[in-house]
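Student: Next come a sequence and a model predicted from it.
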Amino acid sequence: MEHLLQVRDLEVQFSTYAGVVQAVRGINFDVSSGEVVALVGESGCGKSVTAQSIMRLIPSPPGKISGGSIMFNNEDILKKTERQMRKIRGNTIGMIFQDPMTFLNPVLTIATQVTENLVLHKGMSESQAKKRAVNLFELVGIPEPEARLKQYPHQFSGGMRQRVMIAMALACEPKLLIADEPTTALDVTIQAQIMELLKEIKQRLNTAIILITHDLGVVAGIADRVLVMYAGQIVESGTIDEIMKSPSHPYTWGLLKSIPRLDMDRSKKLTPIWGQPPDLLQQFTGCPFAPRCDYAMGICTQKIPPDFGQTKVRCWLRHPQAPAVRLKREVL
Amino acid sequence: MQLSTELFKPLEQKVVQTELVRPSTTYWQDAWRRLKQNPAAMVSLAVIILIVLLAIFGPMFSPYTYSEQDFSRRNQGPSAEHWFGTDGLGRDLFTRVLYGARISLSIGFVASLVTIFGMLYGGISGFAGGWLDNAMMRFVDIMYSIPFLLWVILMMVYLKEILPQNAGLISMYLALGLVYWLPMARIVRGQILSLKEQEFVLAAYTIGASKKRILMRHLIPNCMGPVIVTATLTIPQAIFTEAFLSFIGLGVSAPRASWGMLASDALVSLKSFPHLLFFPSAAICITLLAFNFLGDGLRDALDPKMRK
Amino acid sequence: MSEQQNTTPLLKVDALKKYFSQKGSAAVKAEDSSTMTAGLDESSVGSRAGAGRGTVKAVDGISFTIESGKTLGLVGESGCGKTTVGRTVIGLYRPTAGSVIYKGTDLTKAAGELRLRNRRQMQMIFQDPYASLNPRMTVGDIVGEPIDIHHLAGSKNERTEKIRDLLDLVGLNPEHINRYPHEFSGGQRQRIGIARSLAVEPELIVCDEPVSAVDVSIQAQIVNMLERLQDELGLTYMIIAHDLSMIKYISDYVAVMYLGKIVELVTSENLYKNPQHPYTKALLSAVPIADPVVERRRKRILLEGDVPSPMAPPPGCRFHTRCDRALPVCREKEPPVTDLGGGQWVACHNL
């Protein structure tokens, strides 16, 4: 069975005055229909760049997709022309961004912006598109849709604007929805509303969702599978339970130990990850996480670890010769 | 794949992280690097330096003065003895153009100095806010609405009685002083208005900095980019204005040689002796272009948004 | 709401109010982001406590105390007024009403001279590590400026010595004293800001979203450092944040704010175990927990609608428009503050 999306050996780089930055260094992953895959990592890990590559939205100087393939619906996205991509964007692949204010045009009514997609891709007439827009607003939970369609973006609150953006992304019933930090700029109560909405969309429309975020709590609430990224590579991937309950990579484990949990006892301490995020200008002669890793071995600074095993962990600890290390997770 | 067991021993100490090895650069070093990459700006900088050197030292080396007349050699074209030729009264055009450079550059310099006052004015206005800012800016608006030409004429009429010889030049300086600080005041005020909301300014208040300290140490230094660009671009404006005024007769008086005056004198015999118009005009053109390119280049180089 | 004290608390805030007139759009932005008018331009609405059209009642009657050596966390969503509280307490804004009493002295009545001196003991750490450091100053000058202003060093050598010690204290390499902010990462810049505020040897530090702008793996570093500094230097903290998990971890007491009022003040233990106010409960249920098993089991309390605008807060209890336990009285009268004992106070009619 073919996956909806198959990414193989993707490499993306950016030319800056200081040198070439390897933003994505050869990643592989699949997304199936109706599945929520979370791409998790901190700033600079390459998760947003990956998402933008799928939509071919990387600005071409200075960025460049320098290798690999992205198969969507059995077609290679990277081989398509710009014209062909325009037929896909907003149509079979939808995208929502972090800041809905900059996404919406302040001088056009919401109706114009929502129906634009439908008229363009589905060839609907204005009135048909308006009807569909009303349906979409009901789907995403915007009350009084007819009235609100006539309004302008500044008359909507942050949470509402995000719902509008989701409605626009879903207008043409995409098979894949890419959500790039959709709730980072929202208050926590609104974030909860939006996450519930995404869950509903996943169930009702069977849309596959790629969720990009740095918030592991948000991931725990909705994702089926998780890909952990560091310095442009996927260091660990697996199901949500595998990654969050029994992680194998020291980075994943370090992250989980360093975030405070609401339900944890006051006596528990946070254990930060030592050091700084890596400088992406340099070429790595080994595992990029080695300088910060409590379990680093000699080989870790010399060779980049390959993917090991079923759960795909990029770590030398998985090598049969490595000493057995149990990453004991202190929970609650 | 069997590897040496040595490789799997845990490391003794944490690997030292390669520090950000980029050399330490200040804002100015960064800007200079960017400026160097702009060919038009660099050429212009060289041209300006050349003009300045010529203006200062050129006339010393010239065998002629700007007012020496030699009726036997009137209106000659460029030659080995007179590089730019001679004018209607036999004066060496090259020397006169060099003197003209002195005048133009001094005008530019004064205009530039005057903008410093504008910087302080705008700084105080923006920083103070409220009614003081309002009042100060309304004054600026009023001053703006009066045409520069009018100031010059008024000054000249008044000064002709007191200083008949230098009325033209002095009125020019005075008029510049009255008017050329205005754009800088507005620009700096705008910068200050946006800067004073920044967190580092709030932090300065919190640690107990006085308002004077905040203005002089925090706000104004962060405006220097637009200030320098504006000052640089003010110079060609001033030079052109002077040239224009001299051209129409309101500037320096004979036998002083301003470029505008030279151009104006040349008009009479344009068809027969085009070289008389060509050299002063070329001088004006090249100087203006040079300052404008440099100013543009500086704007690009100093723009903080371009910093990566 | 004040705690039963044996000793006078370090900081006592009483019925504090801060209104902004509509003239500054900065006022409305004030709660959503950190753009603020500095002490010069803001217009204190003074005694016009009744709002005309266009008054943002950012803080509308807040009282709390902080004991020496403890940490109070101030938490709430955008528009709740927490940032304004921080800035008013520290003196960047003049309060519209109410008092800020520091070690027995009412700062709101103090003359200029006294306020400057008192500013030494109260310092602030800002949210944005990129905007809170002057890009044209070296790290040494940034950290050294408070030393210069308050004449804390006798000689140049002493000054450099102090700066280096401070950099070391916050975990930075003292050799970097002549570098510029742009050469450091976000987390390091935040440390520089902390070093700057420590340069005057303060007693109380107000931390306005100290880790929100920093990567997750660095947040724990900074938080741990803040705790260590508290132990080593005997500091008192007031931490303002929207991340409830982080606030709960680091604070002794938590004050939950909504639209300019404190709805609940409670120990961080009891915050999770025994929240009383309906808003607190909704907030807690909305916070995601990084555990899929827990998340699957949770039942979320979803609040309807959006936060009302601080320009037109609902009458009576501000929360009644979104509350599932609202009684008729909630629409008319503001709820009284009830002391539930054990360090917990709630403002609600329907307990």
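Tutor: Received, thanks. On a predicted model such as this, the values are computed, not experimentally measured, just so you know.

Student: So which residues on the stretch 151-300 of chain A come close to chain B?
Tutor: A:274-276, A:278-279, A:282, A:290-292, A:295-300 (Cβ under 8 Å from any Cβ of the partner chain). In short, each C-beta sits where N, CA and C put it, glycine included.

Student: If you rank the residues you listed by neighbours, which is first?
Tutor: In terms of neighbours by other Cβ atoms under 10 Å in any protein chain shown, these top out with residue A:300 at 27 neighbours.

Student: tell me the SS of that residue?
Tutor: helix (DSSP: H, G, I helix; E, B strand; the rest coil).

Student: Okay, the residue nearest to it when sequence neighbours are not counted and chain C: tell me how far apart.
Tutor: The shortest distance from residue A:300 to any non-neighbouring residue, by Cβ to Cβ, 6 or more residues apart in numbering or on different chains, is to residue A:290 (4.2 Å). Counting by Cβ to the nearest Cβ, to the nearest Å, the gap from residue A:290 to chain C is 15 Å.

Student: what about the top helix by length along chain C, near chain B?
Tutor: The helix that spans the most residues within chain C, counting by DSSP state H, is helix C:216-233. No. Figure legend: helix C:216-233 not in contact with chain B (Cβ under 8 Å from any Cβ); closest approach 13.3 Å.

Student: Using PDB, list the CA coordinates for that helix.
Tutor: What follows is helix C:216-233, C-alpha atoms only, in PDB (Å, rounded to 0.1, in the frame of the first residue of the first chain):
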ATOM      1  CA  VAL C 216      12.600  24.400  25.100                       C
ATOM      2  CA  SER C 217      15.900  22.800  25.900                       C
ATOM      3  CA  ILE C 218      17.400  26.100  27.100                       C
ATOM      4  CA  GLN C 219      14.300  27.000  29.200                       C
ATOM      5  CA  ALA C 220      15.200  24.500  31.800                       C
ATOM      6  CA  GLN C 221      18.700  25.800  32.000                       C
ATOM      7  CA  ILE C 222      17.500  29.300  32.600                       C
ATOM      8  CA  VAL C 223      14.900  28.300  35.100                       C
ATOM      9  CA  ASN C 224      17.400  26.200  37.100                       C
ATOM     10  CA  MET C 225      19.800  29.100  37.100                       C
ATOM     11  CA  LEU C 226      17.100  31.400  38.400                       C
ATOM     12  CA  GLU C 227      16.500  29.000  41.300                       C
ATOM     13  CA  ARG C 228      20.100  28.600  42.000                       C
ATOM     14  CA  LEU C 229      20.500  32.400  42.100                       C
ATOM     15  CA  GLN C 230      17.600  32.600  44.400                       C
ATOM     16  CA  ASP C 231      19.200  30.300  46.800                       C
ATOM     17  CA  GLU C 232      22.700  31.800  46.600                       C
ATOM     18  CA  LEU C 233      21.700  35.400  46.700                       C
END
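
Student: what's the burial count for the residue in the stretch 1-150 of chain A positioned nearest to chain C?
Tutor: Ranking the residues of the stretch 1-150 of chain A by distance to chain C (Cβ to the nearest Cβ) places residue A:42 first, at 4.3 Å. Per other Cβ under 10 Å, the neighbour tally for residue A:42 reads 19.

Student: Same question for the one 3 residues further on.
Tutor: Here the neighbour count serves as a burial measure; for residue A:45 (other Cβ under 10 Å) it reads 28.

Student: Run through the residues that contact the spatially closest residue to it that is not a sequence neighbour.
Tutor: Nearest residue to residue A:45, sequence neighbours excluded (Cβ to Cβ, 6+ apart): residue A:229, at 4.2 Å. Applying Cβ atoms under 8 Å, 6 or more residues apart in numbering or on different chains to residue A:229 gives the contacts A:27, A:39, A:40, A:41, A:45, A:46, A:47, A:50, A:235.

Student: Residue B:119 now?
Tutor: B:184, B:185, B:188, B:220, B:223, B:227.

Student: Residue B:27 against residue C:138, yeah?
Tutor: No. The criterion here is Cβ atoms under 8 Å, and residue B:27 misses it with residue C:138 at 11.3 Å.

Student: Please enumerate the shared neighbours of these two.
Tutor: residue C:180.

Student: what about the residue of the stretch 151-300 of chain C found nearest chain A, how many neighbours?
Tutor: Chain A sits closest to residue C:288 of the stretch 151-300 of chain C, with a gap of 2.9 Å, by Cβ to the nearest Cβ. Neighbours of residue C:288 under the rule other Cβ under 10 Å: 25.

Student: before we move on, what about the one 3 residues further on?
Tutor: Residues lying near residue C:291 (other Cβ under 10 Å) number 24.

Student: touching chain B at all, stretch C:91-106?
Tutor: Yes. Using Cβ under 8 Å from any Cβ, stretch C:91-106 comes into contact with chain B via C:91, C:92.

Student: How confident was the prediction at the closest residue to chain A within the stretch 151-300 of chain B?
Tutor: Nearest to chain A in the stretch 151-300 of chain B, going by Cβ to the nearest Cβ, is residue B:300, at a distance of 13.4 Å. In this prediction, residue B:300 carries a pLDDT score of 84.

Student: cool, and residue C:119?
Tutor: Note on residue C:119: pLDDT of 72.

Student: Skipping adjacent residues, who's closest to it in space?
Tutor: In space, and not counting its chain neighbours, residue C:119 is closest to residue B:208: 4.8 Å by Cβ to Cβ, 6+ apart.

Student: which ones are touching that neighbour?
Tutor: Contacts of residue B:208 by Cβ under 8 Å, 6+ apart are C:116, C:119, C:120, C:146, C:149, C:150, C:200.

Student: Can you tell me the element the fourth one falls in?
Tutor: The one in question is residue C:146. helix C:139-149 (DSSP states H and E).

Student: Would you mark the buried spots in that helix?
Tutor: C:139, C:140, C:141, C:142, C:143, C:144, C:145, C:146, C:147, C:149 (16 or more other Cβ atoms under 10 Å in any protein chain shown).

Student: picking that back up, I figured the residue of the stretch 1-150 of chain A closest to chain C was touching residue A:277, is that so?
Tutor: Yes. If you go by Cβ under 8 Å, residue A:42 and residue A:277 touch, sitting 6.2 Å apart.

Student: Are there residues contacting both of those two? Which ones?
Tutor: Overlap of the contact sets of residue A:42 and residue A:277 (by Cβ under 8 Å, 6+ apart) consists of C:215, C:217.

Student: and residue 20, what are its bridge partners?
Tutor: Just going to use chain A. residue A:15 (DSSP bridges).

Student: Correction: the question concerned chain C.
Tutor: Beta-bridge partners of residue C:20, as defined by DSSP bridges: residue C:44, residue C:56.

Student: Next, count neighbours for it.
Tutor: 29.

Student: Pretty sure it sits against residue C:58.
Tutor: Yes. Taking Cβ under 8 Å as the definition, residue C:20 is a contact partner of residue C:58 at 6.0 Å.

Student: Helix, strand or coil: sort out the residue nearest to residue C:119 for me.
Tutor: Residue B:208 ends up coil, using three-state DSSP.

Student: wait, what's in contact with residue 214?
Tutor: All of this is about chain A. Counted by Cβ under 8 Å, 6+ apart, residue A:214 has contacts A:40, A:41, A:42, A:43, A:181, A:184, C:215, C:216.

Student: nope, chain B please
Tutor: Taking Cβ under 8 Å, 6+ apart, one finds B:127, B:201, B:204, B:205 in contact with residue B:214.

Student: do the same with residue A:12
Tutor: Going by Cβ under 8 Å, 6+ apart, residue A:12 touches A:22, A:23, A:24, A:46, A:49, A:50, A:53, A:58, A:63, A:64, A:65, A:66.
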